[in-house]
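Participant: next comes the sequence, and after it the predicted model I'd like to discuss.
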Amino acid sequence: AQSVTQLDSQVPVFEEAPVELRCNYSSSVSVYLFWYVQYPNQGLQLLLKYLSGSTLVESINGFEAEFNKSQTSFHLRKPSVHISDTAEYFCGHSWGKFQFGAGTQVVVTP
Amino acid sequence: DTGVSQNPRHKITKRGQNVTFRCDPISEHNRLYWYRQTLGQGPEFLTYFQNEAQLEKSRLLSDRFSAERPKGSFSTLEIQRTEQGDSAMYLCASSLDRGNRPQHFGDGTRLSIL
């Protein structure tokens, strides 16, 4: 069965520090991988996605994720976080239908 | 704003009552999805439509749940004889049907069962 694992349920981080959110998927076929962000009391917003091509994908707000086929990972990184990055982040993949990980809560403190 | 719209945002009801939620997708999107999200978990797929056809239903969707999309535009999700375990956020998303297109989510309907 295909699944997505987010290794950290919560990541506390200081403002302007780097952050990495880990995501591993299990699949033996090509996949469509993505990261969504969810702010409190809101729906999910697409942060970035990977289907093919360059293994490093970037979002407009400074996040990037690297697809690593050998390690079946799609970790999300940001070199310097802001208070406004406090949110829950969901990794997921699609092979026919979308499947989400359990989420990683990022708490940015001053 | 022409994003995905869900109504109501919050619903509180007594156990055993029926509830219905509505989702209006982005107008040019012909795929529509329903998810359920409980605290501390990612969204769990419930069902999806391609136009008016319901193409897949999760095993999570018990016989008390029914979803419709009669004209291929808005969709409704009805839960009959609600139970405590139905308390959750119900999310709707829509997308184009060309390949693995990203899904656009509404803000959800939070259901609380008393």
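Facilitator: Okay, I see it. Residues are numbered from 1 along each chain as shown, chains lettered A, B, ... in the order given.
Participant: the chain: strands as residue ranges?
Facilitator: This is for chain A. Secondary structure of chain A by DSSP state E: the strands cover A:3-6, A:10-14, A:19-21, A:23-26, A:32-38, A:44-50, A:56-58, A:64-68, A:73-78, A:87-94, A:98-100, A:104-109.
Participant: my question was about chain B
Facilitator: B:5-7, B:10-13, B:19-24, B:31-37, B:44-50, B:53-57, B:65-68, B:75-79, B:88-95, B:104-105, B:109-113.
Participant: does the third one reach chain A?
Facilitator: No: counting by Cβ under 8 Å from any Cβ of the partner chain, no contacts exist between strand B:19-24 and chain A, the nearest distance being 10.8 Å. Quick note: C-beta positions are derived from backbone N, CA and C, even for glycine.
Participant: tally of neighbours for residue B:42?
Facilitator: For residue B:42, the neighbour count with other Cβ atoms under 10 Å in any protein chain shown is 23.
Participant: got the residues of chain B near chain A?
Facilitator: Neighbours of chain A within chain B, by Cβ under 8 Å from any Cβ: B:4, B:6, B:33, B:40-45, B:48, B:56, B:91, B:93, B:99-100, B:102-108.
Participant: residue B:68: how many residues sit nearby?
Facilitator: 14.
Participant: okay, and for the chain, where does confidence drop off?
Facilitator: Defaulting to chain A. The model of chain A has pLDDT under 70 over residues A:1-2, A:27-30, A:95-96.
Participant: my bad, the chain I had in mind was chain B
Facilitator: B:1, B:98-100.
Participant: residue nearest the centroid of it?
Facilitator: Per Cα atoms, centre = their mean, the C-alpha nearest to the average position across chain B is that of residue B:34, at 3.3 Å.
Participant: so what's it up against?
Facilitator: Neighbouring residues of residue B:34 by Cβ atoms under 8 Å, 6 or more residues apart in numbering or on different chains: B:23, B:46, B:47, B:48, B:67, B:75, B:77, B:90, B:91, B:92.
Participant: most neighbours among those residues, which one is it?
Facilitator: residue B:92 (29 neighbours).
Participant: could you find the closest non-adjacent residue to that one?
Facilitator: Once flanking residues are discounted, residue B:92 sits nearest to residue B:23: 3.4 Å by Cβ to Cβ, 6 or more residues apart in numbering or on different chains.
Participant: beta partners for that neighbour?
Facilitator: residue B:6, residue B:75 (DSSP bridges).
Participant: with residue A:11 instead?
Facilitator: Here residue A:11, judged by DSSP bridges, has bridge partners residue A:106.
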